[in-house]
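[1] Need the 3D shape of this:
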Amino acid sequence: MSSSETKTPTTRRKSSVSPILVIILVAVILAVIYFIGKPMAEQVSFSREQVDLHTFFGLTNEEDAPVILGDTRASLNAKVFDGVVYWDALNIAKVIDERFYRNQEDGCVLFTTADETVRVNFGQSFYTTHAEVMPVIEPVQVDLGHTIARNEDGRLYLALDFVKRYANFSYEVFAAPDRVQIYAKDFDYVSASALKKTALRANSDRKSGVLRSLDAGERVFVLTPLGDWTKVRTCDALIGFVETRQLSETSENHYVIENTYIDPPYTDVVRDYPICLGWNQLTVYDANQYLADYLAGADPMNVISPTWYTITDGEGGVTSIASKAYVDQAHARGLEVWPLVDDFTEGLDRHGLLSRAESRGALISFLISQCEELGLDGINIDFEVVPADDGAHFTQFLREFSVAMRARGLVFSIDNYPPRAHTEHYNRRVQGEVADYVIIMGYDEHWGSSSGAGSVASLPFVRDAIERTLAQDVPARKTINAVPFYTRIWTTLHADGSVSATAVGQQSQADWIAKRELEPIWDDVLGQHYTQIDENKATKQVWLEDADSMRVRLEIMKSYDLAGVACWRLGLENDAQWSEIAAYLTQP
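    Sure, this is the predicted structure:
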């Protein structure tokens, strides 16, 4: 074709897709992204919602402040009034020091050390040192400028700055809202640091609210690793959760509480020789004149304890059959005198006696006065019917009594049943601290129809009582085991199986056996001779208390290196038993 030929123009095909349809399609895609993608994005995104800490801690009152005790939220809040932090007195006694004793009956809090009682009256701004009933140092009032003990919501609260004066612990208050971090003892802990600024959350969930932000490098206490999350506590007493990947490697640390309070030591009034105490059971004053008869043959004995004093009422009243002539005669024989005080009065108001400072004080004052007037060397406390609910009051009495005795160089001894669950409230651990001698009444394993026939003090029973007592932190050098000078003759009727018993001394036991021409046999397990006979339609049984049973019992006591032996009671023994005791006391 030549260049002069004319080309026919090409015609373009128009698009078949309408712009409107394109717009609609884009809108649909965006809608799909919005309605499907947004929820998906929300599932992987982190909540930024800030938690209200008042709500988080459940605070309803302005003065309430949650307590973080170590790594745990305490069940009861503290209270903050004018910048002073208060916490429940019962919790303080339980967590910080049990000696902070709430004396509700007298409207005060007492704190008793080895040498004084500190007293704070409810609603007052001062406390009194050496507030014991018979102080040897002049009491002093110390004013803190704010109420120390206050009643709020039916509870007694103590100011922690006062508590800090008499206990080693640490506390710190943080604001917005107020919260209190308390450390009651030294502890090991694991810590980590935030690798970058990150959120501390209320729960281990991305959607959980934020308690606050952690700054990069901020240290936290690591509580519980939970895989992707870690439970932590901040230095300002917030417990929450952090993503594990946001924390550094952990390190182990040790927290030490500064010892700002030095507790005065308990100085024991103990002897440097084994004790041999004999109880002299007296019920009337005129019986004091027969002391020489009770001492016949009792050469190993170095302490005598006449049963002179019985508490008569809840105000601390006491009946006494004490005799100065008896004391002088005992001293002339080389004996110390530690009279016994009992609580055997029927219907005695023991709660009133033990729970009121005035009643405890009246009893203590009387006993100290008796020591001074009669020249006594000590006192033997024999409370055998203390109600479990009054255990804390009984313990406070022992603390207060020990201060008065220690200040005057007098021996404080106390009698106890062999430890069992139902006597835990006698608090032998505290007894081992405040008393000079803790005496185990190592007898009456079997005592009557309710216990059934059996030994008064078998060897396994004695060993168990000693081990249980020592296990309650009573030092062996303060522990005395009491032995029986009696046994029981048991009668079991063939007709109905009923059981009864008669307590007898050594001579009566020997006479009973001789009259029946019985030959007792030795039981290695029980450490006693045993015999029985059928007569008068009944079975008679005796587990003998004699020189042999005494010997093996004393050998057990020697193996535990105890402080000595006590004997119940004078007048029931024979010379053979004294010979065994003499050998025990002189063994190296």
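[2] Tell me the buried residues in stretch 205-223?
    Across stretch 205-223, burial judged by 16 or more other CB atoms under 10 Å covers R206, S208, G209, V210, L211, R212, L214, R219, V220, F221, V222, L223. C-beta coordinates here come from the backbone N, C-alpha and C atoms, glycine included.
[3] Same check on stretch 257-273?
    D268, V269.
[4] Looking at that stretch now, give me its mean pLDDT.
    On average, the pLDDT along stretch 257-273 is 96.
[5] gap between the two ends of that stretch?
    40 Å (CA to CA, to the nearest Å).
[6] Also stretch 148-163?
    Stretch 148-163 end-to-end distance (CA to CA) = 9 Å.
[7] And the contacts of that stretch?
    Residues external to stretch 148-163 that are found in contact with it (CB atoms under 8 Å, 6 or more residues apart in numbering): 76, 78-79, 81, 84-90, 92, 96-97, 100, 102, 104, 108-109, 120-127, 144, 146-147, 169, 171, 180.
[8] Verify the stated contact: Q181 with F221.
    No - counting by CB atoms under 8 Å, Q181 does not reach F221; the two are 10.4 Å apart.
[9] Sketch out the low-pLDDT regions of the protein for me.
    Applying pLDDT under 70 to the chain flags the ranges 1-17, 22, 26, 28, 31-44.
[10] Let's see that with 90 instead.
    The model of the chain has pLDDT under 90 over residues 1-45, 104-105, 153, 448-451, 588.
[11] Please parse it into its domains.
    55-182, 186-255, 275-485+546-586 (automatic domain parsing).
[12] returning to what we had before: okay, and which of the contacts of stretch 148-163 map to strands?
    With DSSP state E as the criterion, strands contain 78-79, 81, 84-88, 100, 102, 108-109, 120-121, 126-127, 171, 180 from among the contacts of stretch 148-163.
[13] Just the buried ones out of the contacts of stretch 148-163, please.
    With burial judged by 16+ other CB under 10 Å, the buried subset of the contacts of stretch 148-163 is 78-79, 84-89, 92, 96-97, 100, 102, 108-109, 120-122, 124-125, 127, 144, 147, 169, 171, 180.
[14] What residues sit buried inside stretch 366-377?
    Under the neighbour-count criterion of 16+ other CB under 10 Å, stretch 366-377 has F366, L367, I368, Q370, C371, L374, L376, D377 buried.
[15] Kindly report the same for stretch 419-426.
    Result for stretch 419-426 [16+ other CB under 10 Å]: buried residues P419, T423, Y426.
[16] I figured the last one was touching A388, is that so?
    No - the pair Y426 and A388 fails to qualify as a contact (CB under 8 Å) at a distance of 9.5 Å.
[17] start to end distance for stretch 46-66?
    End-to-end span of stretch 46-66 (CA to CA): 28 Å.
[18] For it, give me every contacting residue.
    With CB under 8 Å, 6+ apart as the test, stretch 46-66 has contacts from 73-74, 77-81, 85, 173, 176-180, 199, 201-202, 206-211, 237-238.
[19] which stretches of the stretch 201-350 of the chain form strands?
    210-214, 219-226, 229-234, 239-243, 251-255, 275-280, 303-306, 309-311, 318-320, 336-337, 340-342 (DSSP state E, counting those that start in this stretch).
[20] Closest one of the buried residues of stretch 419-426 to D382?
    For the buried residues of stretch 419-426, the closest approach to D382 (CB to CB) belongs to Y426, at 11.8 Å.
[21] where's the nearest residue to the closest one once chain neighbours are set aside relative to I440, distance?
    Nearest non-adjacent residue to Y426, counting by CB to CB, 6 or more residues apart in numbering: N416, 6.1 Å away. To I440, N416 is 6 Å away according to CB to CB, to the nearest Å.
[22] Can you check which residues contact both of these two?
    Common neighbours of N416 and I440, counting by CB under 8 Å, 6+ apart, are T469.
[23] Check whether G378 really touches F412, as I assumed.
    Yes - in this structure, G378 is within contact of F412 by CB under 8 Å, at 6.5 Å.
[24] Among these two, which residue is more densely surrounded?
    For G378 versus F412, the count of surrounding residues by other CB atoms under 10 Å is larger for F412: 25 against 21.
[25] In space, what's closest to the more buried one - neighbours in sequence excluded?
    Leaving aside its sequence neighbours, F412 sits nearest to M405 (CB to CB, 6+ apart; 4.3 Å).
[26] ditto for P225
    Counting by CB to CB, 6+ apart, T244 is the residue found nearest to P225 once chain neighbours are left out, at 6.7 Å.
[27] Can you name the residues that contact W578?
    Contact analysis of W578 by CB under 8 Å, 6+ apart lists G297, A298, D299, P300.
[28] That one is in what secondary structure piece?
    Using DSSP states H and E, W578 sits within helix 575-586.
[29] And that helix, how far out from the chain middle?
    Its chain's C-alpha centre and that of helix 575-586 lie 38 Å apart, by CA atoms, centre = their mean, to the nearest Å.
[30] Buried residues, it. List them.
    Buried residues in helix 575-586, counted by 16+ other CB under 10 Å: Q577, W578, S579, E580, I581, Y584, L585.
[31] by how many degrees do that helix and strand 275-280 diverge?
    Between the axes of helix 575-586 and strand 275-280, defined by axes from the mean of the first three to the mean of the last three CA atoms, to 10 degrees, the angle is 150 degrees.
[32] Bridge partners for the closest residue to N203 other than its chain neighbours, pull those for me.
    Excluding the flanking residues, the one nearest N203 by CB to CB, 6+ apart is F241, at 6.1 Å. Beta bridges link F241 to R201, K231 when assigned by DSSP bridges.
[33] Please apply the same query to V222.
    Here V222 shows beta-bridge partners V190, V232, assigned using DSSP bridges.
[34] ok, it to S170 distance?
    Counting by CB to CB, the gap from V222 to S170 is 20 Å.
[35] Just the buried residues of stretch 50-62, please?
    Under the neighbour-count criterion of 16+ other CB under 10 Å, stretch 50-62 has V51, L53, F56, F57, L59 buried.
[36] How far does it stretch from one end to the other?
    In stretch 50-62, first residue to last residue: 21 Å (CA to CA).
[37] same thing with stretch 485-502?
    End to end - CA to CA - stretch 485-502 spans 14 Å.
[38] Likewise for stretch 288-304?
    Start-to-end span of stretch 288-304 (CA to CA) is 12 Å.
[39] just use 421 as the starting number from now, easier for me
    Done: numbering now begins at 421, and the last item shifts to stretch 708-724.
[40] distance between that stretch and the chain's centre?
    Put simply, stretch 708-724 sits 39 Å off its chain's centre (CA atoms, centre = their mean).
[41] Tell me the buried residues in that stretch?
    Here stretch 708-724 shows N708, L711, Y714, L715, A718, P720, M721, N722, V723, I724 as buried, counting by 16+ other CB under 10 Å.
[42] Repeat that for stretch 575-590.
    Buried positions in stretch 575-590, judged by neighbour count with 16+ other CB under 10 Å: R575, L576, Y577, L578, A579, L580, F582, V583, Y586, A587, N588, F589.
[43] ok, now stretch 898-907?
    If you call a residue buried by 16+ other CB under 10 Å, then stretch 898-907 has these buried ones: K898, T899, I900, N901, A902, V903, P904, F905, Y906, T907.
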